[in-house]
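Asks: Predicted model and sequence follow; I will ask about them next.
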Amino acid sequence: MEFIKGMLDFILGMGPVALMPLIILIFGLIFKVKIQKALKAGLTVGMGFIGINAIIGILVNNLGPASQAMIENWGIELNVIDMGWAVTAAVSWGSVIVPFVFASVLIVNIIMVYTGLTKTFSVDIWNYWSFIFGGALVYYQTGNLVLGVLAGVITAVGILKLADFAYPMTKDHYPGVSFPHGCTISWAPFAVFMNKLIDKIPGLNQLKADPDSIKKRLGFFGEPMVIGIIVGLIIGFSAMYDAQNIILLAMNMGAVMLLMPKMVALLMEGLSVIASGAQEYLRNSERLKGKDILIGIDGAIILGMPGVIASGVLMVPIILLLAVLLPGNRVLPFADLSVLPIWFGWNTIAAKGNVVRGVLISTVMAIFVLFIATDLAQLTTTMASEIGFAFPSGATEITSLATGQHLISWIVVKIFSIF
Amino acid sequence: MRKVKIICACAAAIAQSTMMQMRLQDEFEKRDIPVQIEKCIFAEIPGKVESFKPNFVFGAGDVPYELDVPVYNGFPIITGIGMEAMFESFFEDVQKLLESNID
């Protein structure tokens, strides 16, 4: 017993860099992947975490002092850095509760499909991070593993049901697939509700805009690197840096936007081994055969729906402005600015491609997103540093706009914090 | 034998594009055909097609550009549904390309 505990402490003490390769290796073997391949997948994931840590360093070391300077110069208190969904996902995949939530959600999803409680079977193993994130928040808040796993499962059940709910809106474009995507789907009912509300407001219900012309004009500004550079310039100016430092900040911010996806993709390379296994299971499962199933995949696919990209790119300046003006907001939007079209996609879909409505609904939604992202910042920061991510200590906290997208997880955290 | 060049594109060049890349790499390995795969986001496709000169483009969903290169919708790889059938027709195209041998 002592020996096992000693082993566990030894592995856990090294954080996700050593823990996740082991977990991937074990899951790989369960799904009958060849041992060499499973081992390589696991090691790749470990290297991914090292890469992500390095980029987080660039992000926080540059943006941290700049946001402090903004506070000193203008009193704009945006000292919580938006490190983006990708890092939030990485933090989630690095937490101890990964295997427990992963297995529970997979089993619960199968049972729900089998009993007809949902039509959606999620083959999107990568985005299981949303469920793990929901669980990890509660786990690191309460220290209770059972509560953590329960929170993960509740998040998953809610998201699967929401994927069923939203299916009619995308059915004609993407028949047979739904989007149980934690980053986007939580707000779909809100989008539907707001669109109905706008229908009833005279004047507002007449507004329209042509998505294609906007999309063409804004394409360049939708590139992550360009967004990073522009936001870096704005922040550099606001921090009243000299010209040299403004340019350096902008280049570093562009680099973060360019490099971070490459590091996080390493995690995905490892996880794809497990993802393939789950797909095999789905295809070969006798029990699920003949069931009327929606294949659950990543919500980023909705980018192909009309108007989604245009209204999302228009949201970049709007959410930056909101962040400054909104009382109580402490989030400095950054890394997730490049994926706003996906984050706010359902608003435009609910509005049937009407960009004006999409932007209107998204603006209201962004207020809540910023609020939740601020509210969960402290817990996320604690979680990330306990998991073993290297955040320079000090005033800076971290969060992501993606965190604000996790409405269900936030509600679950709030409910569990009562106990 | 020369390498087949492929671009895999999705929204953030993280999840779906990696998934497609890994699966394609496996399939090429099985058939013993050398392949080089690059990933990018949708917005980068036109530039990447010019610089990398791929033989095929795979998109997670519809690719919103008119390209001179054959474009495949990677949906079957992402969902796992209809994947074998897609690979079958895809590798027929690959064979044709290798036999034509025009560089």
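Replies: Yep, that arrived.
Asks: wouldn't residue A:163 be in contact with residue A:184 here?
Replies: No - counting by CB atoms under 8 Å, residue A:163 stays clear of residue A:184, with 10.1 Å between them. From N, CA and C alone the C-beta is placed, and that goes for glycine too.
Asks: Which of these two has more residues huddled nearby?
Replies: Remark: of residue A:163 and residue A:184, residue A:184 carries more neighbours, 28 against 25, as counted by other CB atoms under 10 Å in any protein chain shown.
Asks: give the contact list for the more buried one.
Replies: A:299, A:302, A:342-343, A:345-346, A:405 (CB atoms under 8 Å, 6 or more residues apart in numbering or on different chains).
Asks: Lowest mean pLDDT among the helices and strands of chain A, which one is it?
Replies: helix A:211-218 (a mean of 60; mean pLDDT, DSSP states H and E).
Asks: Next secondary structure after that helix?
Replies: Using DSSP states H and E, the helix or strand that follows helix A:211-218 towards the C-terminus is helix A:224-238.
Asks: Check which helices and strands that following helix is in contact with.
Replies: Using 3 or more CB pairs under 8 Å, 6 or more residues apart in numbering or on different chains; DSSP states H and E, the elements in contact with helix A:224-238 are helix A:35-74, helix A:243-284, helix A:308-325.
Asks: any idea how far residue A:183 is from residue B:15?
Replies: The spacing between residue A:183 and residue B:15, counted by CB to CB, to the nearest Å, is 11 Å.
Asks: what's the longest helix in chain B?
Replies: helix B:83-100 (DSSP state H).
Asks: Return the residues of chain B in contact with chain A.
Replies: Applying CB under 8 Å from any CB of the partner chain, we find that chain B lies next to chain A at B:10-19, B:22-23, B:39, B:41-44, B:60-62, B:64, B:75, B:78-81.
Asks: following the helix or strand hosting residue A:358, which helix or strand shows up next?
Replies: Assigned by DSSP H and E, residue A:358 belongs to helix A:355-375. Going down the chain from helix A:355-375, the next helix or strand is helix A:377-387, by DSSP H and E.
Asks: Would you mind listing the buried residues in that following helix?
Replies: A:377, A:379-381, A:383-384, A:387 (16 or more other CB atoms under 10 Å in any protein chain shown).
Asks: Can you tell me which one of these sits lowest on pLDDT?
Replies: Within the buried residues of helix A:377-387, pLDDT reaches its minimum at residue A:387, with 86.
Asks: any idea how far the residue lying closest to it once chain neighbours are set aside is from chain B?
Replies: In space, and not counting its chain neighbours, residue A:387 is closest to residue A:94: 4.7 Å by CB to CB, 6 or more residues apart in numbering or on different chains. Note on residue A:94: its distance to chain B, by CB to the nearest CB, to the nearest Å, is 16 Å.
Asks: confidence score at residue A:94?
Replies: The predicted structure scores residue A:94 at 90 on the pLDDT scale.
Asks: who's in contact with it?
Replies: A:15-16, A:19-20, A:49, A:387-389.
Asks: chain center to the one helix or strand residue A:28 maps to, what's the gap?
Replies: Residue A:28 is located in helix A:16-30, with elements delineated by DSSP H and E. Computed by CA atoms, centre = their mean, to the nearest Å, the separation of helix A:16-30 from the middle of its chain amounts to 22 Å.
Asks: Can you list the buried residues in it?
Replies: A:16-21, A:23-25, A:27-28.
Asks: And for stretch A:154-163?
Replies: Here stretch A:154-163 shows A:154-163 as buried, counting by 16+ other CB under 10 Å.
Asks: And stretch A:36-50, by the same measure?
Replies: A:38-42, A:44-49.
Asks: What separation is there between residue B:34 and residue A:10?
Replies: Counting by CB to CB - residue B:34 and residue A:10 are separated by 42 Å.
Asks: Also residue A:37?
Replies: For residue A:37, the distance to residue A:10 - CB to CB - is 26 Å.
Asks: Chain B: strands as residue ranges?
Replies: B:4-10, B:35-41, B:56-59, B:71-73 (DSSP state E).
Asks: likewise the stretch 101-250 of chain A?
Replies: Along the stretch 101-250 of chain A, the stretches classed as strands by DSSP state E, counting those that start in this stretch are A:120-122, A:177-178.
Asks: Would you mind giving those as CSV with mean pLDDT and mean neighbour count added?
Replies: Shown next, in CSV, are the strands of the stretch 101-250 of chain A (pLDDT from 0 to 100; neighbours: other CB atoms under 10 Å in any protein chain shown):
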stretch, mean pLDDT, mean neighbour count
strand A:120-122, 91, 27
strand A:177-178, 90, 26
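Asks: returning to what we had before: what does the helix holding residue A:28 contact?
Replies: So helix A:16-30 is in contact with A:11-12, A:35, A:37-39, A:41-43, A:45-46, A:49-50, A:90, A:93-96, A:98-99, A:102, A:270-271, A:273-274, A:277, A:387-388, going by CB under 8 Å, 6+ apart.
Asks: which residue sits closest to residue B:85, ignoring its sequence neighbours?
Replies: Nearest one to residue B:85, counting by CB to CB, 6+ apart, is residue B:76 at 7.4 Å.
Asks: The one you found and residue B:82 touch, don't they?
Replies: Yes - if you go by CB under 8 Å, residue B:76 and residue B:82 touch, sitting 4.3 Å apart.
Asks: For the two, work out which one has more neighbours and name it.
Replies: Neighbours per residue (other CB under 10 Å) separate residue B:76 from residue B:82, with residue B:76 holding more: 18 against 11.
Asks: what about the more buried one, distance to residue A:236?
Replies: Relative to residue A:236, and taking CB to CB, residue B:76 is found at 45 Å.
Asks: With residue A:4 instead?
Replies: For residue A:4 relative to residue A:236 (CB to CB), the value is 52 Å.
Asks: So which of these two has more stuff around it?
Replies: residue A:236 (24 against 8).
Asks: isn't there a helix covering residue A:295?
Replies: No - counting by DSSP: H, G, I helix; E, B strand; the rest coil, residue A:295 is not part of a helix but strand.
Asks: Contacts only, for it.
Replies: Counted by CB under 8 Å, 6+ apart, residue A:295 has contacts A:120-121, A:123, A:176-178, A:282, B:79-81.
Asks: residues contacting the residue nearest to it when sequence neighbours are not counted?
Replies: Of all residues not flanking residue A:295 in the chain, residue B:79 sits nearest, at 4.4 Å (CB to CB, 6+ apart). Contacts here follow CB under 8 Å, 6+ apart; on that basis residue B:79 touches A:123, A:176-177, A:279, A:295, A:297.
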